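Everything below, folded, please.
(one chain, ligands or ions: 1)
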Amino acid sequence: MASDQMPRRHKLSIIPSVRPMVAEDVLHVSAIEQQVTPHPWRESQFLESVSKHYCLVLTLETKVIGYTIYTIVAGEAEILNIAIHPDYQGKGYGRQLLDHLMAIVYEQAERLYLEVRASNASAIHLYQEVGFVEICLRRNYYPTPSGPEDAIVMAIDFQFGL
Ligand SMILES: CC(C)(COP(=O)(O)OP(=O)(O)OC[C@H]1O[C@@H](n2cnc3c(N)ncnc32)[C@H](O)[C@@H]1OP(=O)(O)O)[C@@H](O)C(=O)NCCC(=O)NCCS
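Numbers count the residues shown, from 1 in each chain. Next up, the predicted model:
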């Protein structure tokens, strides 16, 4: 989204940019991951993803503040991971990264899927805001210390455009 189209409270003094993730980013990405989820990916999973999947980082000047990993197979895309550094959450950066990813995927896939913990209200709001809809519930999918948690599978169909 161009900065002049963003909601007023999301106008940012430094405009972020998005570029492909490289192996040298993995330490920073992994450090963010440790802070944003109780079940973080290992560094080796990010390194493997850099060579196997599509991986993007969102940067402010040169600082990596967010990332996403996704796949595209036979016209179907899936977001495997997306996160913004805790200090930068709630400022519109997650939306920007998602918009960027969707613009890329739109050219190459008919549908984009993701899976989200049922308790992750902020992520679910973000996904709904950009047009994702719930397509199924996987009961007791994620193990947690306080018992299993449901996963919501969401999708956005690109056949009618972005
Ligand atoms: C989910 C995540 C990527 C969103 O990124 P973000 O930069 O914080 O989100 P944005 O500031 O771009 O917010 C975009 C929309 O998300 C929703 N949102 C963001 N934070 C929210 C919160 N705390 N409560 C409710 N909705 C929220 C809102 O719909 C918001 O739009 P609005 O501000 O116009 O109302 C980020 O919070 C994060 O990294 N969370 C931890 C990792 C994670 O849960 N990843 C998703 C796994 S499926």
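
need the residues of the protein near the ligand, please.
By Cβ under 6 Å from any ligand atom, the residues of the chain that approach the ligand are 7, 36-37, 82-84, 89-95, 116, 120-123, 125-126, 129. (Glycine included, C-beta is placed from N, CA and C.)

of those, buried ones?
With burial judged by 16 or more other Cβ atoms under 10 Å, the buried subset of those is 82-84, 91-95, 116, 123, 126.

Among the residues of the chain next to the ligand, which lie within helices?
In helices, defined here by DSSP state H, the members of those are 36, 93-95, 121-123, 125-126, 129.

contacting residues around the nearest residue to Ile82 once chain neighbours are set aside?
For Ile82, ignoring the flanking residues on the chain, the nearest one in space by Cβ to Cβ, 6 or more residues apart in numbering is Thr68 at 4.1 Å. Shown in contact with Thr68 (Cβ atoms under 8 Å, 6 or more residues apart in numbering): 55-56, 79, 81-83, 97-98, 101.

Paired strands for the helix or strand where Thr68 lies, with orientation please.
Assigned by DSSP states H and E, Thr68 belongs to strand 63-73. Sheet pairing here is set by DSSP bridges, and for strand 63-73 it gives strand 54-60 (antiparallel), strand 76-84 (antiparallel).

ranges for the strands of the protein?
All strands of the chain, identified by DSSP state E, fall at 17-20, 54-60, 63-73, 76-84, 111-117, 133-142, 149-157.

if we take the buried ones among the residues of the chain next to the ligand, which one ends up nearest to the ligand?
Set against the ligand, the nearest of those by Cβ to the nearest ligand atom is Gly94 (2.0 Å).
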